[in-house]
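Trainee: Predicted model and sequence follow; I will ask about them next.
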Amino acid sequence: MSEPQSVVSIHGVTKTFPQGNVTALQDIELELKPGEFVSLIGPSGCGKSTLLRVIGDLVQPTSGTLTVNGKTARQARIDRDYGIVFQDAVLFDWRTVSKNIALPLEMLGWDREKRKARVTEMLELVELKGFGDHHPWQLSGGMQQRAAIARAFAFEPSLLLMDEPFGALDEMTRERLNLELLSIWQRLGSTVVFVTHSISEAVFLSTRVVVMSPRPGRIAGVVDIDLPDPRGVETREDPRFFELVTEVRELLRKRGEHLLPEEEPA
Amino acid sequence: MPALAVAAVVLATWEGGIAAFHIQQFLLPRPSEIVKSFWTERHTLWPAGWYTFKEALGGFAAGSTLGVLAATFVGRFKRVGTAFMPIAIAANAVPIIAFAPIFDIWFNPLSPVSKMAIAAVLCFLPVMVNTLRGLQSASPRQIELMRSYAASDLEIWLRVRVPTALPFLFTALKVASVLAMIGAIVGEYFGGAFNALGVLINSDAQIFDFVTAWAGIFVASLLGLSLYAAVVLMERLVVRWVPDARDS
């Protein structure tokens, strides 16, 4: 509460699962400033998805304190302070693309006209214009994920939680969606927490990369990403990009030993 | 419409085969004679069919409604569900039709209620088991998404669980529509009102009027098929989002 400028403030958060006596998170300390794009990266079992869910009040921490926009995580969830995107699009099959995007707006009690206007806007933003009346199964994986992003951004939450949103997509689609995500983020100015397995994706997107190590899940180090904005295709060819990728990789290697995440061509 | 062509070939083979092999009429009458009898006996067969159809329909409606209500109740309380599910599945394997004579004693055998009861019990379990399975197969991610919107249990129920369960429900209703007709007719084989279809088929067979018995079976098939078709039509109106619902 003392730092109202933090969007997310995490102090000494620990999460243990009684089944199997697993310590998913241990003594996590993290502050997120407004407008930051922070990636959580680490091997499977490092607790990055659990941390994301703790922020979203979908998982309760065992101990420690956590505030979102200066409120408890629970209050922030009730106030709909955040939007969430999962690895699968998690669209509702029985709703058209437009109605899927309108779902959070319905939950917020927006009237029909306002919903319609916003959905049209969002469809344009994620380049799905003309697909509003389609059902999810009629779209490709990349298009479905774009619809999920439109849904998460539709009510302009101050915080966006993304759990490996592009993990199931091919490399080409992933890089295109990376660029689209960056331009949407810059336009809307939200704070993003982005969980990923990919070092190059984390470095390319973020203002900060939080490297996590497993058993117990803890923060191994934080890398500030000082790449010039706006980022584009040429960013991936910048020598500084490679230095930062190496720095993140070193941190993962030191703490995670052989438990490195799958690496992708940068 | 390749199905129509196949049906035509089957009927032609049936008609021709009987002439070619001199099959006795009591073993298997010609389709043309069955259709003729279907028309000449229309004053007894059709009202009898309608009478039995109403029994099936009543049983179908009652059994399915109770099945959906039971599934809703059991699905609401997880612990009841885990305790109940194995029993429901085991009960589903019981040949309920064996209880038909008992139902005739419990209810008046001459009243349509006894046949409705048989049809209802036949429909109840598949509808309940399938609906429950549908309610329980809601995606955990979709529920998590709804939680992120601070949705109440009721909202999750209406916006996630019920739509997920609908295709399961319709699959069960299709099975139940067939079972309801079977229940009503077989129930009548053990005795029933004079003007009931099952009673007519049974008595015609006993007096060696096999052509009329076959015509009765034809009426029963037509009615069973139309109930099934009505369910399929409703499914298409309600479950519009499943791509393969269109070619089932």
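Mentor: Thanks, I have it.
Trainee: Those residues of chain B touching chain A, which are they?
Mentor: B:139, B:141-142, B:144-145, B:147-151, B:155, B:159-160, B:163, B:166, B:239, B:241-243 (C-beta under 8 Å from any C-beta of the partner chain). Where you see a C-beta, it was placed from the backbone N, CA and C, and this is true even at glycine.
Trainee: hmm, which of those residues are the buried ones?
Mentor: Among these, those classed as buried by 16 or more other C-beta atoms under 10 Å in any protein chain shown are B:142, B:144-145, B:148-151, B:159-160, B:163, B:166, B:239, B:241-242.
Trainee: of those, closest to B:Gly187?
Mentor: B:Leu166 (30.1 Å; C-beta to C-beta).
Trainee: Kindly report the residues of chain A close to chain B.
Mentor: Counting by C-beta under 8 Å from any C-beta, chain A sits next to chain B at A:56, A:58, A:77-80, A:82-84, A:86, A:88, A:90, A:92-95, A:103-104, A:107-108, A:135, A:137.
Trainee: I'd like the buried ones among the residues of chain B next to chain A written out as JSON lines, with pLDDT added.
Mentor: What follows is these, written out as JSON lines (pLDDT from 0 to 100):
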{"residue": "B:Gln142", "pLDDT": "93"}
{"residue": "B:Glu144", "pLDDT": "92"}
{"residue": "B:Leu145", "pLDDT": "93"}
{"residue": "B:Ser148", "pLDDT": "91"}
{"residue": "B:Tyr149", "pLDDT": "91"}
{"residue": "B:Ala150", "pLDDT": "89"}
{"residue": "B:Ala151", "pLDDT": "90"}
{"residue": "B:Arg159", "pLDDT": "93"}
{"residue": "B:Val160", "pLDDT": "94"}
{"residue": "B:Pro163", "pLDDT": "93"}
{"residue": "B:Leu166", "pLDDT": "94"}
{"residue": "B:Val239", "pLDDT": "88"}
{"residue": "B:Trp241", "pLDDT": "80"}
{"residue": "B:Val242", "pLDDT": "73"}
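Trainee: Next, the contact list for the nearest residue in space to A:Leu159 that is not next to it in sequence, please.
Mentor: Using C-beta to C-beta, 6 or more residues apart in numbering or on different chains and skipping residues adjacent in sequence, the residue nearest A:Leu159 is A:Tyr82, 4.0 Å away. Applying C-beta atoms under 8 Å, 6 or more residues apart in numbering or on different chains, we find A:Tyr82 in contact with A:Ile55, A:Gly56, A:Val68, A:Ala76, A:Pro157, A:Ser158, A:Leu159, A:Leu160, A:Leu161, B:Ser148.
Trainee: Between all of those, which two are separated the most?
Mentor: Longest span within the contacts of A:Tyr82, C-beta to C-beta: A:Ser158 and B:Ser148, 14.0 Å.
Trainee: Tell me which stretches of chain B form helices.
Mentor: Ranges of helices in chain B, per DSSP state H, are B:2-21, B:31-40, B:42-76, B:78-92, B:100-106, B:112-136, B:140-148, B:153-156, B:162-189, B:197-206, B:210-238.
Trainee: Could you report the neighbour count for B:Val127?
Mentor: Close neighbours of B:Val127, defined as other C-beta atoms under 10 Å in any protein chain shown, add up to 28.
Trainee: burial measure for the closest residue to it other than its chain neighbours, as a count.
Mentor: Spatially, and ignoring its direct neighbours in sequence, B:Val127 is nearest to B:Gly67 (3.0 Å; C-beta to C-beta, 6+ apart). The local packing of B:Gly67 (other C-beta under 10 Å) involves 26 other residues.
Trainee: wait, isn't B:Gly67 in contact with B:Thr131?
Mentor: Yes: B:Gly67 lies in contact with B:Thr131 (C-beta atoms under 8 Å); the separation is 6.3 Å.
Trainee: which stretches of chain B have low pLDDT?
Mentor: Scanning chain B for pLDDT under 70 picks out B:243-248.
Trainee: outside of stretch B:94-101, which residues touch it?
Mentor: For stretch B:94-101, the external contacting residues (C-beta under 8 Å, 6+ apart) are B:Ile118, B:Val121, B:Leu122, B:Leu125, B:Ile182, B:Gly183, B:Val186, B:Gly187, B:Tyr189, B:Phe190.
Trainee: Mind putting the residues you listed into CSV with neighbour count and distance to A:Lys114?
Mentor: Converted to CSV, the contacts of stretch B:94-101 look like this (neighbours: other C-beta atoms under 10 Å in any protein chain shown; distance: C-beta to C-beta, whole Å):
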residue, neighbour count, distance to A:Lys114
B:Ile118, 31, 54
B:Val121, 22, 51
B:Leu122, 30, 50
B:Leu125, 23, 47
B:Ile182, 16, 53
B:Gly183, 29, 52
B:Val186, 16, 58
B:Gly187, 31, 57
B:Tyr189, 16, 63
B:Phe190, 19, 63
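Trainee: From those, pick the one nearest B:Pro31.
Mentor: Nearest member of the contacts of stretch B:94-101 to B:Pro31, counting by C-beta to C-beta, is B:Ile182, at 22.5 Å.
Trainee: so who does that closest one touch?
Mentor: Contacts of B:Ile182 (C-beta under 8 Å, 6+ apart): B:Ile97, B:Leu122, B:Gly224.
Trainee: Could you export those residues as TSV, including distance to B:Gly17?
Mentor: Formatted as TSV, those follow (distance: C-beta to C-beta, whole Å):
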residue	distance to B:Gly17
B:Ile97	32
B:Leu122	34
B:Gly224	25
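Trainee: Quick check: A:Leu244 is in a helix.
Mentor: Yes: the assignment for A:Leu244, made by DSSP: H, G, I helix; E, B strand; the rest coil, places it in a helix.
Trainee: Once you drop chain neighbours, what's closest to it?
Mentor: A:Val203 (4.8 Å).
Trainee: Would you agree the one you found is in contact with A:Ile225?
Mentor: Yes: counting by C-beta under 8 Å, A:Val203 does reach A:Ile225; the two are 6.0 Å apart.
Trainee: ok, now how distant is B:Ala230 from B:Leu57?
Mentor: In this structure, B:Ala230 and B:Leu57 are 10 Å apart, going by C-beta to C-beta, to the nearest Å.
Trainee: residue closest to the middle of chain A?
Mentor: Residue closest to the mean C-alpha point of chain A, counted by C-alpha atoms, centre = their mean, is A:Met162 at 2.3 Å.
Trainee: Isn't A:Ile28 up against A:Leu40?
Mentor: No: under the criterion of C-beta under 8 Å, A:Ile28 is not in contact with A:Leu40, lying 10.2 Å apart.
Trainee: Give the residues shared as contacts by the two.
Mentor: A:Leu51.
Trainee: ok, back up a step: for the buried ones among the residues of chain B next to chain A, which one is nearest A:Arg176?
Mentor: A:Arg176 lies nearest to B:Leu145 out of those, by C-beta to C-beta, at 24.3 Å.
Trainee: what kind of secondary structure is the closest residue in space to the closest one that isn't next to it in sequence in?
Mentor: Closest residue to B:Leu145 apart from its sequence neighbours, by C-beta to C-beta, 6+ apart: A:Val90 at 5.4 Å. In three-state terms, and counting by three-state DSSP, A:Val90 is coil.
Trainee: Give the burial count for A:Val90, as a bare number.
Mentor: Residues lying near A:Val90 (other C-beta under 10 Å) number 21.
Trainee: how near is it to A:Ser98?
Mentor: 16 Å.
Trainee: same check, this time on A:Ala152
Mentor: 15 Å.
Trainee: tell me the contacts of A:Asp27?
Mentor: A:Gly12, A:Val13, A:Thr14, A:Gly64, A:Arg218.
Trainee: Now with 6 Å, please.
Mentor: Each residue near A:Asp27 by C-beta atoms under 6 Å, 6 or more residues apart in numbering or on different chains is listed here: A:Gly12.
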